[in-house]
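Visitor: Generate coordinates for the sequence data below:
(one chain, ligands or ions: 1)
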Amino acid sequence: MSATPLWKGRLSGALDADFAAINASIDVDRRLWPQDVRTNRAYLKALMRAGLVTAAEGAAIERALDAVARDLAAGAVAFKGELEDIHMQIESELAARAGECAGKIHTGRSRNDQVATDLRLFAKEQAGRVIAELIALARALVARAAETRDVIMPAYTHLQRAQPVLLAHWFLAYAEMCLRDIARFAFARQQADALPLGLGACTGAPFAIDREFLARELGFARLCRNSLDGVSDRDFIVDYLAAAAGLFTHLSRLAEDLILWSSAEFAFVELAEPLSTGSSMMPQKRNPDSLELARGKAGRVFGNLMAMLTVLKGLPLAYNRDLQEDKAPLFDSTDAALGVLPVVRKVVATLAVRKERCAAALDGGWIEATAVADYLTRKGVPFRDAHKTVGAIVRDLAAAGRTFADLAPEEWRAYAPQLDAGVARAIAMEAIIAARDGIGGTAPSAVAREIERLGAELAALEAQEDK
Ligand code: ARG
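Guide: Residues are numbered from 1 along each chain as shown. Reported below is the predicted structural model:
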């Protein structure tokens, strides 16, 4: 421990080596360097405007900042554990290049308002990237829906065959979830969009730092308006991690559906080879590891949310070093989302659909039963009675190993006089599906409307994000 820590102040002597090891966060927070450089640039300008740094000093520090940023981008800065974190690393680099005047950059500032600012910049940027990936995934889902409008398969409840549905409708269900995820990340981004810089360690800066100016420079919509809260508020990270947790519930459900469907037992779909893996032992295997990882990473992402909530629980105002533990969860959930989303998008885009297998799964499970009851209901039979009648038919068919298609006209009529010649037409798969043409239904006409609506909504979101 050679270097004297910048915070040394009243303390003398070196840190205990074991403590120094957990005290340093540079290995984690080094990736905040672009945000920290931006924060430094804006703060330097504010100090110059306040007359706390002269034009000549400001120019020297700015040149040093440019050089540090260049070196950081080139990976040419050796990160030192004794400098603890990225803020002290950059400050010491500035001192090495600009000399004594570099020490003025920390006037009225604390690492507390500094790190909170860096984190908010990071969360805003990354939320935007996740939203862009979600728009791309939703677009892929809508595109697949548009081209699978003729594929009919069973819809499941309790994982039992329930009613026929269009595969397109399934794709659009996940597009709906993408829209909700986008809204959640947009909310997290909006929560992050308040500036803490200029609040000092905990009570505000005693210098004429123009925080409105800082907010404009750094692109923040508003200011944190209480210094005690502003330096220690990590609610925006909770919101971000909650958005990520919600996203991974959706990704894990999509993954689970497709993993199941890609098994030989279903064989509705086949994953593209570049997104499948083999087995080190069993030569025949084609495993859906890409989707299993999407499903499995949900565990860590949920844990990250719990980790952040637990760090914040019971924390007294204002800043406490516990807060240094906010970064690993934030970074980890970001990496999980940005890593998995393009993979899932590619799985969706390249998925081979086995139309005949989907159709075959409609046979033999009396999946038309609800439609038979609906037919009776349309003829004036109260639904409860219709349900009972069709239940009796299915019981008989099951016992005899027969299907609805095997029933002769007189057999139908024996169950109920209303079950006339029209019933066979009404319970054809296409007819069952076409009947569900209200908003939200699976009829081709309804699905076409939603494909159009989602396309327009995604285009509007894209335009908004590009601004
Ligand atoms: N590395 C610290 C963190 O991430 C920076 C703030 C340190 N502030 C302090 N007073 N020790 O929270």
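
Visitor: elements contacting the helix or strand in which V37 is found?
Guide: Using DSSP states H and E, V37 sits in helix 33-49. Judged by 3 or more C-beta pairs under 8 Å, 6 or more residues apart in numbering; DSSP states H and E, the packing partners of helix 33-49 are helix 55-73, helix 86-98, helix 111-147, helix 211-218. Glycine gets a C-beta too; all of them are placed from N, C-alpha and C.

Visitor: okay if I get those as TSV plus mean pLDDT?
Guide: Listed next are the helices and strands packed on helix 33-49 as TSV, based on pLDDT from 0 to 100:
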stretch	mean pLDDT
helix 55-73	97
helix 86-98	96
helix 111-147	98
helix 211-218	98
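
Visitor: Of those, which is nearest A186?
Guide: Minimum separation from A186 across the helices and strands packed on helix 33-49 (C-beta to C-beta) falls at helix 111-147, 6.5 Å.

Visitor: Which pLDDT value belongs to E465?
Guide: Turning to E465, the model gives it a pLDDT of 97.

Visitor: Report the buried residues of the helix or strand hosting it.
Guide: Using DSSP H and E, E465 falls within helix 444-466. For helix 444-466, the neighbour count (16 or more other C-beta atoms under 10 Å) marks 444, 446-447, 450-451, 454-455, 457-458, 461 as buried.

Visitor: Report pLDDT for the residue of the stretch 151-300 of the chain found nearest the ligand.
Guide: Relative to the ligand, the nearest point of the stretch 151-300 of the chain is A201 (6.9 Å; C-beta to the nearest ligand atom). With respect to pLDDT, A201 scores 97.

Visitor: That one and H106 touch, don't they?
Guide: No - when contacts are counted by C-beta atoms under 8 Å, A201 is not listed as touching H106 (11.0 Å).

Visitor: and the helix or strand hosting P329, what does it pack onto?
Guide: Using DSSP H and E, P329 sits in helix 327-350. Judged by 3+ C-beta pairs under 8 Å, 6+ apart, the packing partners of helix 327-350 are helix 26-29, helix 111-147, helix 235-261, helix 289-312.

Visitor: what's the next secondary structure element after it?
Guide: Remark: after helix 327-350, the chain's next helix or strand is strand 352-353, criterion DSSP H and E.

Visitor: Parallel or antiparallel, which strands does that next one pair with?
Guide: strand 269-270 (antiparallel) (DSSP bridges).

Visitor: who are the neighbours in contact with the closest residue to L199 other than its chain neighbours?
Guide: Leaving aside its sequence neighbours, L199 sits nearest to S227 (C-beta to C-beta, 6 or more residues apart in numbering; 4.0 Å). Contact analysis of S227 by C-beta atoms under 8 Å, 6 or more residues apart in numbering lists 199-200, 202-204, 318.

Visitor: how about a cut-off of 10 Å?
Guide: 110, 112-113, 196, 198-205, 318 (C-beta atoms under 10 Å, 6 or more residues apart in numbering).

Visitor: Double-check that Q163 belongs to a strand.
Guide: Yes - judged by DSSP: H, G, I helix; E, B strand; the rest coil, Q163 forms part of a strand.

Visitor: so which helix or strand takes in the residue nearest to it when sequence neighbours are not counted?
Guide: Nearest-residue entry for Q163: A155, 5.1 Å, with adjacent residues in sequence omitted and distances by C-beta to C-beta, 6+ apart. If you go by DSSP H and E, A155 is part of strand 152-157.
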